[in-house]
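# missing the sequence, but the structure's below:
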């Protein structure tokens, strides 16, 4: 029995041992398997982590290389275009990826043009004014389809049909029939005077049938914002746009910008290719059409806001449908009204939204706008589908380096393409244009009838003249030469060309030159003169 019990006990122990051994083996296999899995995971991690780090490093290196390539490109372009100073800011995927200033604020001085230097936004202001109107649309205070005559009856147009059908949206699209009458704000008339005189402007084309860029309707838009909101445009845009976006170094007028001691001096390139500083002439009436002053640091905030569907810190300043309206094509831009750069970029279509020129570039829709006032320029370019934006300020009159840098930035950050030298190519285009203009001048000069004299003595041409749109002008005799005196201290030196035609050159050369022709009545006395498309009747 004992033996049997023993045997039975042994058998049980053997069974228990076998089971225990089997369990140990199973656990051992599991442990070994887990160790193998762990080792594989460790090996994978050892391989994966460096790959992640490598990918991150490569991405960082790529961004750095892109920025470095662009930086070198800008430095070379500045020399080619003889631009005293500029700033460039680029945003991509909700981040500022490039922000730098170049050169000086004023030639002959050491003050650097940096990213906090404020300059003229000029007509890039227009898109901001459109956003302001959009806010009022969202508040139900006005509709894009409202008739201007109902909202702001102070505006009268000579075309009765246009006057009755003009909508709020038409104020932003440059196709209401008006020609370019910018001399009204160049002469520094106040807003009320300009709007009162707009009724005498004759249409340059029929209502909504074409496109002609002008500033006057945007000035009217600013007045509509004032009337509907109860706040002047400059106050409205400051409180409703600049302050929420944290644009603390942005100003709605030249006078407001006087608070900054880091502001550009405008420059002009004279015919001998010498660049010199010029004075800035403040024109308050330009306001909603081009009155904002800002800097690269603040314009990055504006671009990020626009690329994020008009949101700031998660809060919408515009409803989605209103934001979409800003970028919707509203008018076809004719070839003559677009930019010479199109000869190389070759867009398939060119349109205008609400404050935005539009084109296709390498298969992407581009929203952009230039800004130009005497002695300084700006340009803003967005590719919303790629969350990309670039803004450029420069302190020289019509330096088209702005176009070159805009397209170069698009190429590098959006298309990873460094093939095109837009600076050299556009420089050639604009140089060719300048040469063609000089050739035309020479051909005109060759047709000049020599050895003629004015019909009258110079004193007989002097007197007071007037134009119902542009106001008063005077012809005075200074020494042995005539001078045309226009409002806002704009003087034009007149030199006899042939017969009763004189060549007029503005004392401020950046305003250009043109022929002035005196017209005589049947009695042989001066009845009027024509200058730059404007006719002034003799008053006394």
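Great, that's in hand. Please read these numbers as outputs of a predicted model, since none were measured by experiment.
# okay, CA-based contacts and neighbour counts for the rest of this
Noted.
# which stretches of the protein have low pLDDT?
1-62 (pLDDT under 70).
# where exactly do the helices run in the stretch 1-150 of the chain?
2-81, 125-138, 148-151 (DSSP state H, counting those that start in this stretch).
# same question for the stretch 401-540 of the chain.
401-414, 422-446.
# the last one packs against which elements?
In this case it means helix 422-446. helix 401-414 (3 or more C-alpha pairs under 8 Å, 6 or more residues apart in numbering; DSSP states H and E).
# let's see it at 6 Å
Using 3 or more C-alpha pairs under 6 Å, 6 or more residues apart in numbering; DSSP states H and E, no helix or strand is in contact with helix 422-446.
# just name the most buried of the helices of the stretch 401-540 of the chain.
Ranked by mean neighbour count under mean count of other C-alpha atoms under 10 Å, the helices of the stretch 401-540 of the chain are led by helix 401-414, which reaches a mean of 21.
# ok, and what's touching that one?
417, 422-423 (C-alpha atoms under 6 Å, 6 or more residues apart in numbering).
# mind running it again at 7 Å?
For helix 401-414, the surrounding residues in contact (C-alpha atoms under 7 Å, 6 or more residues apart in numbering) are 66, 77, 81, 378-379, 381, 386, 390, 392, 417-418, 422-423, 426.
# nearest to residue 321, of those?
Checking those against residue 321 by C-alpha to C-alpha gives residue 386 as the nearest, at 19.9 Å.
# now for the closest one: which residues touch it?
Contacts of residue 386 (C-alpha under 7 Å, 6+ apart): residue 414.
# 8 Å - rerun?
Applying C-alpha atoms under 8 Å, 6 or more residues apart in numbering, we find residue 386 in contact with 92-93, 414.
# same thing with residue 130?
Contacts of residue 130 were listed using C-alpha under 8 Å, 6+ apart, and they are 172, 326, 354-355.
# what's the first helix or strand after the strand or helix carrying residue 225?
In this structure, residue 225 sits in helix 216-229 according to DSSP states H and E. The helix or strand immediately downstream of helix 216-229 is helix 233-237, counting by DSSP H and E.
# how far does that following helix sit from the chain's center?
The chain centroid and the centroid of helix 233-237 are separated by 19 Å under C-alpha atoms, centre = their mean, to the nearest Å.
# name the surrounding residues that touch it.
128-129, 132, 222-223, 225-226, 229, 252-253, 287-288.
# what is the nearest of the residues you listed to residue 139?
residue 229 (10.2 Å).
# and the gap between the closest residue to the closest one other than its chain neighbours and residue 322?
Nearest in space to residue 229, with sequence neighbours left out and distances taken as C-alpha to C-alpha, 6 or more residues apart in numbering, is residue 136 at 7.5 Å. Between residue 136 and residue 322 the computed distance is 10 Å (C-alpha to C-alpha, to the nearest Å).
# over to residue 455?
61 Å.
# comparing those two, which residue is more hemmed in?
Of the pair residue 455 and residue 322, residue 322 is the one with more neighbours under other C-alpha atoms under 10 Å, namely 19 against 16.
# from residue 131, how far off is the more buried one?
9 Å.
# list the buried residues of the helix holding residue 225.
The neighbour-count check on helix 216-229 (16 or more other C-alpha atoms under 10 Å) flags 216-226 as buried.
# what of stretch 345-361?
Buried-residue list, stretch 345-361, by 16+ other C-alpha under 10 Å: 347, 350-361.
# I'd say residue 398 and residue 372 touch.
Yes - using C-alpha atoms under 8 Å, residue 398 is in contact with residue 372, at 6.7 Å.
# the helix holding residue 225: how far from the chain's middle?
20 Å.
# what does stretch 377-388 give?
For stretch 377-388, the distance to the chain centre is 9 Å (C-alpha atoms, centre = their mean).
# now stretch 77-88
Using C-alpha atoms, centre = their mean, the offset of stretch 77-88 from its chain centre is 17 Å.
# and for that stretch, what are the contacting residues?
98-107, 112-115, 267, 275, 296, 390-396, 399-401, 423, 427.
# now these: which count as buried?
Buried subset of the contacts of stretch 77-88 (neighbour count, 16+ other C-alpha under 10 Å): 98-107, 112-115, 267, 275, 296, 390-396, 399-401, 423, 427.
# follow-up on the earlier one: residue 200: which of the helices of the stretch 401-540 of the chain is closest?
helix 422-446 (31.9 Å).
# OK, contacts around the closest residue in space to residue 275 that isn't next to it in sequence?
Spatially, and ignoring its direct neighbours in sequence, residue 275 is nearest to residue 269 (4.2 Å; C-alpha to C-alpha, 6+ apart). By C-alpha under 8 Å, 6+ apart, the contact set of residue 269 is 275-276, 396-397.
# residue 394 too?
83-87, 119, 376-378, 402.
# again, but for residue 462
Residue 462 touches 474-477, 482, counting by C-alpha under 8 Å, 6+ apart.
# quick one: the strands in the stretch 351-500 of the chain, in order.
Here the stretch 351-500 of the chain has its strands, by DSSP state E, counting those that start in this stretch, at 357-361, 364-373, 376-383, 388-394, 463-467, 471-478, 481-486, 490-498.
# how about the residue lying closest to residue 202 once chain neighbours are set aside, phi and psi?
Spatial nearest neighbour of residue 202, chain neighbours left out: residue 158 (6.3 Å); criterion: C-alpha to C-alpha, 6+ apart. The phi/psi pair for residue 158 (degrees, to the nearest 10) reads phi -70, psi -30.
# residue 158 contacts residue 197, correct?
No - in this structure residue 158 lies outside contact range of residue 197 using C-alpha under 8 Å: 10.2 Å.
# these two - which one has more neighbours?
It is residue 197, of residue 158 and residue 197, that has more neighbours when counted by other C-alpha under 10 Å, with 18 against 14.
# quick check: buried residues in the strand or helix carrying the more buried one?
Secondary structure assignment for residue 197, by DSSP H and E: helix 191-197. Across helix 191-197, burial judged by 16+ other C-alpha under 10 Å covers 191, 194-195, 197.
# try stretch 78-98
78, 83-92, 94, 96-98.
# mind checking which of these are in strands?
85-92, 96-98 (DSSP state E).
# tabulate the residues you listed (CSV), appending distance to residue 515.
Converted to CSV, those look like this (distance: C-alpha to C-alpha, whole Å):
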residue, distance to residue 515
85, 34
86, 35
87, 38
88, 39
89, 42
90, 43
91, 46
92, 49
96, 49
97, 49
98, 46
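# closest one of those to residue 512?
residue 85 (23.2 Å).
# and residue 472, bridged to which residues?
residue 466 (DSSP bridges).
# on that earlier part again, can you add distance to residue 436 and give the buried residues of helix 191-197 back as CSV?
Formatted as CSV, the buried residues of helix 191-197 follow (distance: C-alpha to C-alpha, whole Å):
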residue, distance to residue 436
191, 38
194, 35
195, 37
197, 36
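# count of neighbours near residue 474?
The number of residues packed near residue 474 is 21, by other C-alpha under 10 Å.
# is it in contact with residue 485, as I believe?
Yes - in terms of C-alpha under 8 Å, residue 474 counts as a neighbour of residue 485; the distance is 5.1 Å.
# shared neighbours of these two, anything?
By C-alpha under 8 Å, 6+ apart, no residue touches both residue 474 and residue 485.
# which residues does residue 498 contact?
With C-alpha under 8 Å, 6+ apart, residue 498 has these contacts: 448-454.
# if we use 6 Å, what do you get?
Here residue 498 is in contact with residue 452 (criterion: C-alpha under 6 Å, 6+ apart).
# show me what it is bridged to.
Those that pair with residue 498 in a beta bridge, by DSSP bridges, are residue 501.
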